[in-house]
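[1] A predicted structure for the sequence below; I have some questions about it.
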Protein chains: 4
Amino acid sequence: MPRSKEQFEKIRIRTRNKILAKSLDLFATKGYDSTSASAIAGACGLSKSSLYHHFESKERILITILENSYYDWKEKYGVADQFDEPRQELKRSVLASVQSIKENPKFYKILSELQEKLPDTEEMQKLIAKISSEKMADYASLFKKMGFKDPLDEVYFFGATLSGAIRAYLIIGENYPIDEIVNRLLKNYEIF
Amino acid sequence: MPRSKEQFEKIRIRTRNKILAKSLDLFATKGYDSTSASAIAGACGLSKSSLYHHFESKERILITILENSYYDWKEKYGVADQFDEPRQELKRSVLASVQSIKENPKFYKILSELQEKLPDTEEMQKLIAKISSEKMADYASLFKKMGFKDPLDEVYFFGATLSGAIRAYLIIGENYPIDEIVNRLLKNYEIF
Amino acid sequence: MPRSKEQFEKIRIRTRNKILAKSLDLFATKGYDSTSASAIAGACGLSKSSLYHHFESKERILITILENSYYDWKEKYGVADQFDEPRQELKRSVLASVQSIKENPKFYKILSELQEKLPDTEEMQKLIAKISSEKMADYASLFKKMGFKDPLDEVYFFGATLSGAIRAYLIIGENYPIDEIVNRLLKNYEIF
Amino acid sequence: MPRSKEQFEKIRIRTRNKILAKSLDLFATKGYDSTSASAIAGACGLSKSSLYHHFESKERILITILENSYYDWKEKYGVADQFDEPRQELKRSVLASVQSIKENPKFYKILSELQEKLPDTEEMQKLIAKISSEKMADYASLFKKMGFKDPLDEVYFFGATLSGAIRAYLIIGENYPIDEIVNRLLKNYEIF
DNA sequence: AATGAATGAGAATTCATTCAT
DNA sequence: TATGAATGAATTCTCATTCAT
């Protein structure tokens, strides 16, 4: 145990983060399946074997990205446990989601890709399902508090527009008027 | 046997169609990238080299599928050149789209996959862009005829909901209440 | 279907046989685990991918070698179903075994290696067990016919000497006096 | 703390012994080639680099195991320099060998594996040859003293049975009646 | 029209080992 | 003494594709 235990930790974390960041880039751009371990290593200036020194598998890199991003998101933008007015909380949560997507579109691109293909492992399947469903459940509880008789129906409609807008934004980019669309959606619920 | 030429042609077309059909299945289920030429050949009861006898590349199979499906769809369900009432034409076109998706979800799954990743070749890129944008242009002209000042804005909103619902249907399947959502969307435009 | 169906078959068989022969050499010399698919391909003047065109896996090559050799051996040297005198049949079978080992020591080297390590797959396990046990059962039935009260005990003793001699021959080679040892072993049972 | 030097030495030796013991286990169970340096380090609760701190290579670990076990064996069970009666000494030595195998089958499994494949280095080759031949020479001198005209022939026959029985014991395990076979072998030389 | 043979490039991953601290 | 970081070379095997017949 040399003096540099902390130094090691620093190096390790820096390399790990680099791998995660470059993988995020590559996965978002070329897709997870089409990104090779070689490409990730190359982008990080590492050898393939060094990559495997930090992550046991390509899938583990992906899972780590998903988990990190998910927990980040939840902490920053998730539906609060306590809130005064469901309409205002819905607004806050939706705007926060949009904000999150603008800040981290790559994560959502990856998520989008994964939702469409059948996952390689059960662990992935569960993780995707968890991330995908949680938001819907949150929205459903808000619509219930807003007094809708069929909150789930409402979530379906609301969710269709929201997710359609998000997907378009992810594909088209900055030129897509996501803010206007979201505002108009909220206006339909008399949220201004 | 002077008619053997025609028979050859028949066989040729039959084989081609088999390849296209099986590829559609496989691309939709496992994704384009994850479907190997071997798998397609196997599914068709052909050798790999026979496959390449009919199509110069895997990508050419994909492009053919996209083009065929697109022209089929346009013929059957596209916005008509001549119509009486834009509201009724919008309804007809939207319901036709939904119908088309229900009839051929595989094609839309593939399209969805392709929209999200950057295409391998320019030809693919253009084709995807064309298919993706054309419908929007059709809808825009309808909204214009319906008297909207900003028909493009309207298309964005309308399109967000519609495409969000379609995507959910493609992922979730029969249990997703796509008809209800579409009806509600039309109702918002006073289309019943 | 060109004229050359038979030619194809010829080429195919020749290549397969080359692969099997070279693999036999390499497995016997360096051991199965330590022989790489690359090495086999190289020895055959083939690319790695061509190797996999002929055999689905390295293990399949091994299994094919074992099965071929085993059936060859059984046909040529196995204990006959019909025989006059068990002592003479024992002699015939043992000398045939020795002959077989002299003719095909490589196969026995591989078998020897495999008997000592835990097999990778169940298929291998069963195959090894089958080849290993069959001869012992044959000998047991002969000793029974020779009037031994405890034929299995006799097989154990007889088999220890025989297999010890065989193993020494496989390791040491031509200089090992296997014939003398086998003759002496038979003499102990009054077989001349 | 002037005695820390000795303590270091103690730790060093303890770690070395742990490495040797765990390696013995792994080599015997999975084979030398199939045991990775990683696996050894893991089994010892050490890092891979610590492993290489104690042994310059995987092969050095193997060689050390072989040498240690060999010298242990020789000291405890080898043919004595001085003895009264060759028959009794043969009996003592053989029974001791069997005892040794029962006590340390792992070492003999490794030895058996190594005898069958061509060694990676000359050092290994010589070591294996030495261990393998020395016992034979010892037995030869005993048979000579017992008055056999061709003691080497006798060793060949005697050795075939003994080594055949040992190998069967190593493969089959406790259920193999090695004691009975050895007793019967000795009885053939009128040793009771 | 059809196909078996063949391949170079590349996939994910593991290996034994070195080095700086 | 111990170890985390790093790596080049190797592993088995798959890929899309070409070619001769």
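    All right, it came through fine.
[2] Show me where chain A dips below the pLDDT cut-off.
    A:1-3, A:79 (pLDDT under 70).
[3] how about the residues of it near DNA strand F?
    A:1-2, A:8, A:11-12, A:15, A:46-50, A:52-54 (CB under 7 Å from any atom of the strand). Placement of C-beta: from N, CA and C, glycine included.
[4] Taking these together, which two end up most distant?
    Farthest-apart pair in these is A:1 and A:48; separation 28.9 Å (CB to CB).
[5] who's more crowded, those two?
    More crowded of residue A:1 and residue A:48, by other CB atoms under 10 Å in any protein chain shown: residue A:48, with 14 against 5.
[6] Is it correct that that one is in contact with residue A:41?
    Yes. Counting by CB atoms under 8 Å, residue A:48 does reach residue A:41; the two are 4.7 Å apart.
[7] about what we covered before: turn the residues of chain A next to DNA strand F into JSON lines, columns for distance to residue D:120.
    Compiled in JSON lines, the residues of chain A next to DNA strand F are given as follows (distance: CB to CB, whole Å):
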{"residue": "A:1", "distance to residue D:120": "34"}
{"residue": "A:2", "distance to residue D:120": "34"}
{"residue": "A:8", "distance to residue D:120": "34"}
{"residue": "A:11", "distance to residue D:120": "35"}
{"residue": "A:12", "distance to residue D:120": "35"}
{"residue": "A:15", "distance to residue D:120": "34"}
{"residue": "A:46", "distance to residue D:120": "31"}
{"residue": "A:47", "distance to residue D:120": "26"}
{"residue": "A:48", "distance to residue D:120": "26"}
{"residue": "A:49", "distance to residue D:120": "22"}
{"residue": "A:50", "distance to residue D:120": "27"}
{"residue": "A:52", "distance to residue D:120": "26"}
{"residue": "A:53", "distance to residue D:120": "26"}
{"residue": "A:54", "distance to residue D:120": "31"}
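[8] Return a ChimeraX selection command for the buried portion of those residues.
    To isolate the buried ones among these in ChimeraX, judged by 16 or more other CB atoms under 10 Å in any protein chain shown, type:
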select /A:15,46,54
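[9] out of the residues of chain A next to DNA strand F, which are inside helices?
    A:8, A:11, A:12, A:15, A:48, A:49, A:50, A:52, A:53, A:54 (DSSP state H).
[10] can you redo these as JSON lines with distance to DNA strand E?
    Compiled in JSON lines, these are given as follows (distance: CB to the nearest atom of the strand, whole Å):
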{"residue": "A:8", "distance to DNA strand E": "8"}
{"residue": "A:11", "distance to DNA strand E": "10"}
{"residue": "A:12", "distance to DNA strand E": "13"}
{"residue": "A:15", "distance to DNA strand E": "15"}
{"residue": "A:48", "distance to DNA strand E": "4"}
{"residue": "A:49", "distance to DNA strand E": "4"}
{"residue": "A:50", "distance to DNA strand E": "9"}
{"residue": "A:52", "distance to DNA strand E": "4"}
{"residue": "A:53", "distance to DNA strand E": "8"}
{"residue": "A:54", "distance to DNA strand E": "11"}
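[11] OK, contacts around residue A:61?
    Residues near residue A:61 by CB atoms under 8 Å, 6 or more residues apart in numbering or on different chains: A:19, A:20, A:23, A:40, A:55.
[12] Pull out the buried positions in the host helix or strand of it.
    Assigned by DSSP states H and E, residue A:61 falls within helix A:58-77. Within helix A:58-77, the residues that qualify as buried by neighbour count (16+ other CB under 10 Å) are A:58, A:61, A:62, A:63, A:65, A:66, A:69, A:70, A:73, A:77.
[13] Give me the domain ranges for chain A.
    A:1-55, A:63-188 (automatic domain parsing).
[14] Please identify the residue of chain A positioned nearest to chain B.
    residue A:164 (2.7 Å; CB to the nearest CB).
[15] Look up how far residue B:169 lies from that residue.
    12 Å (CB to CB, to the nearest Å).
[16] what's the answer for residue A:100, then?
    Separation of residue A:100 from residue B:169 (CB to CB): 25 Å.
[17] Out of those two, name the residue with the larger neighbour count.
    residue B:169 (23 against 18).
[18] Do I have it right that that one meets residue B:179?
    No. The pair residue B:169 and residue B:179 fails to qualify as a contact (CB under 8 Å) at a distance of 9.6 Å.
[19] ok and the residue in chain A nearest chain D?
    Counting by CB to the nearest CB, chain A gets nearest chain D through residue A:53, at 10.6 Å.
[20] ok, residue A:32 - contacts?
    A:62, A:110, A:113, A:114.
[21] repeat that with 6 Å
    residue A:62 (CB atoms under 6 Å, 6 or more residues apart in numbering or on different chains).
[22] any idea how far it is from DNA strand E?
    9 Å (CB to the nearest atom of the strand, to the nearest Å).
[23] Ok, residue A:38 next?
    When residue A:38 is compared with DNA strand E (using CB to the nearest atom of the strand), they lie 4 Å apart.
[24] Can you confirm whether the host helix or strand of that residue lies near chain B?
    Following DSSP H and E, one finds residue A:38 within helix A:37-44. No. Legend: contact between helix A:37-44 and chain B by CB under 6 Å from any CB of the partner chain is lacking; minimum distance shown is 13.9 Å.
[25] quick one: that helix to helix A:58-77, angle?
    Computed by axes from the mean of the first three to the mean of the last three CA atoms, to 10 degrees, the angle separating helix A:37-44 from helix A:58-77 equals 60 degrees.
[26] which residues sit against helix A:37-44?
    Under CB under 6 Å, 6+ apart, the answer for helix A:37-44 is A:18, A:19, A:22, A:23, A:26, A:48, A:51, A:58.
[27] What's the separation between the last one and residue A:68?
    Using CB to CB, residue A:58 is found at 16 Å from residue A:68.
[28] so how far is stretch A:86-102 from its chain's centroid?
    Using CA atoms, centre = their mean, to the nearest Å, the distance from the centre of stretch A:86-102 to the centre of the chain it belongs to is 14 Å.
[29] Which secondary structure elements does the host helix or strand of residue A:140 sit against?
    For residue A:140, the host element (DSSP H and E) is helix A:122-145. Counting contacts by 3 or more CB pairs under 6 Å, 6 or more residues apart in numbering or on different chains; DSSP states H and E, helix A:122-145 packs against helix A:86-103, helix A:151-172.
[30] Pull that helix out as CSV, backbone CA atoms only.
    Taking Å, rounded to 0.1, in the frame of the first residue of the first chain, the C-alpha atoms of helix A:122-145 are listed here in CSV:
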residue,chain,number,x,y,z
GLU,A,122,-32.5,-10.1,-17.7
GLU,A,123,-30.6,-7.4,-15.8
MET,A,124,-30.9,-5.0,-18.7
GLN,A,125,-34.6,-5.9,-19.2
LYS,A,126,-35.4,-5.1,-15.6
LEU,A,127,-33.4,-1.9,-15.6
ILE,A,128,-35.1,-0.6,-18.8
ALA,A,129,-38.5,-1.6,-17.6
LYS,A,130,-37.9,0.2,-14.3
ILE,A,131,-36.7,3.4,-15.9
SER,A,132,-39.4,3.4,-18.5
SER,A,133,-42.4,2.7,-16.2
GLU,A,134,-41.5,4.9,-13.2
LYS,A,135,-42.3,8.2,-14.8
MET,A,136,-45.6,7.0,-16.0
ALA,A,137,-46.6,5.9,-12.6
ASP,A,138,-45.7,9.3,-11.2
TYR,A,139,-47.8,11.1,-13.8
ALA,A,140,-50.7,8.8,-13.1
SER,A,141,-50.7,9.7,-9.4
LEU,A,142,-50.7,13.4,-10.3
PHE,A,143,-53.6,13.1,-12.7
LYS,A,144,-55.5,11.2,-10.0
LYS,A,145,-54.9,14.1,-7.6
